[in-house]
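> Mind folding the following:
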Amino acid sequence: MEAAFARTVWHLLEPLHAVTYFAPEAREANRAAGLRGFWMGYFASRAAPLGAVTAGPVEAAFFNFHPAVVRRALPDAWGFARPEAVLRARAEAAAAALRRTAPSAARGADAVAPLLRRVVSAADAAGRPLFAANRDLPAPDDPVAALWQAATSLREQRGDGHVAVLTAEGLDGCEAHVLFAASEGVPVATLRDNRGWSEGDWRAAADRLTARGLLDGTGTPTAEGRALRTHAEHRTDALAVRPYRELTAPETAQLLAELGELADAVLASDTIPFPNPMGLPERRTG
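You can find the predicted model right below:
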């Protein structure tokens, strides 16, 4: 199985996972659980599988946020809602959002969730804290919530690997965003502001990349910079594809077909904005 398969699956899993950030059901569930504001809801709900964790481990695992943004939310969030309550809220809200945006979610869950659970079971957790924490959560009784949980586990498995690759290449969180924005043409504010970096932080990161020869004097990626970006993405794909080799060729085809239908429905609902800070590209069909 080629590494590019992992990128294709990521493009299909990410919309299913991302309803937990953008869908009104998720925001209301966080509010109802007692969390205050979007960012407290974001950090608490994504970090809840780790338990009542302090800011430091989340700063490390999430990688690309300014530390101050994390520390404004954690550990204070656990005084408003315990992780167990947040986990229930996020699973129920994600299932409701998927049912609303993808009417075939229940049927798709019956077909896809067992395949994804096999992939989750086959995936290596070494060095992947967010994946391991999500993998070890009890499977929800609701099949659509179970689908969302499996998609989330594999999304975090890929993300943990991506962080490992970027740090191995000597990139910090802000530098990774600067290089990504410059390479892909993503509006700077989409990444900088949503991850809490100031204009000064962004300029300093660009200066460091320029000193390494990864950007030129105009902020454009050099050939070395583009090569590093390509390497990081390809290596991430190569790490992420391994557990999918658990599936047979017919199962792989079924997975892509079912996930494609669900992802298209979620994207057609306009629940997920484009461009977005996750780096998810718009899905094009035809």
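
> In the stretch 51-200 of the chain, where is pLDDT below threshold?
Applying pLDDT under 70 to the stretch 51-200 of the chain picks out no residues at all.

> give me that answer again for 90
185-186 (pLDDT under 90).

> Please enumerate the helices of it.
55-62, 67-73, 77-80, 83-101, 105-122, 129-135, 143-168, 173-184, 188-192, 199-211 (DSSP state H, counting those that start in this stretch).

> Pull up the gap between residue 254 and residue 112, please.
8 Å (CB to CB, to the nearest Å). Just so you know, the C-beta spots here come from the backbone N, C-alpha and C atoms, and that holds for glycine as well.

> For the two, indicate the residue with more neighbours.
Each of residue 254 and residue 112 has its neighbours counted (other CB atoms under 10 Å); residue 112 has more, 26 against 15.

> Please verify my assumption that the more buried one contacts residue 144.
No: applying CB atoms under 8 Å, one finds residue 112 not in contact with residue 144, separated by 10.5 Å.

> quick one: secondary structure of the residue lying farthest from the centre of the chain?
The outermost residue of the chain relative to its centre, with distances by CA atoms, centre = their mean, is residue 217 at 31.6 Å. Of the three states, residue 217 takes coil under DSSP: H, G, I helix; E, B strand; the rest coil.

> Residue 67 and residue 162, how far apart?
If you go by CB to CB, the gap between residue 67 and residue 162 works out to 19 Å.

> Those two: which has the busier surroundings?
Neighbour count, other CB under 10 Å: between residue 67 and residue 162, residue 162 has more, with 22 against 15.

> so the more buried one makes contact with residue 236?
Yes: between residue 162 and residue 236 there is a contact at 4.4 Å, judged by CB under 8 Å.

> picking that back up, what's near enough to touch the closest residue to the residue farthest from the centre of the chain other than its chain neighbours?
Of all residues not flanking residue 217 in the chain, residue 210 sits nearest, at 6.8 Å (CB to CB, 6 or more residues apart in numbering). Residue 210 makes contact with 216-217, 219 under the criterion CB atoms under 8 Å, 6 or more residues apart in numbering.

> got it, and residue 178?
202, 205-206, 209, 215.

> Include neighbour count when you put those into TSV, please.
Listed next are the contacts of residue 178 as TSV, based on neighbours: other CB atoms under 10 Å:
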residue	neighbour count
202	21
205	22
206	20
209	24
215	24
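
> Tell me the one of those residues nearest residue 242?
For the contacts of residue 178, the minimum distance to residue 242 (CB to CB) is 30.3 Å, reached by residue 209.

> Let me know whether that closest one touches residue 179 as I believe.
Yes: applying CB under 8 Å as the test, residue 209 and residue 179 come out as touching, 6.0 Å apart.

> overlap in contacts of these two?
Contacts common to residue 209 and residue 179, judged by CB under 8 Å, 6+ apart, are 215, 225.

> Quick one: residues contacting residue 53.
47, 74-75.
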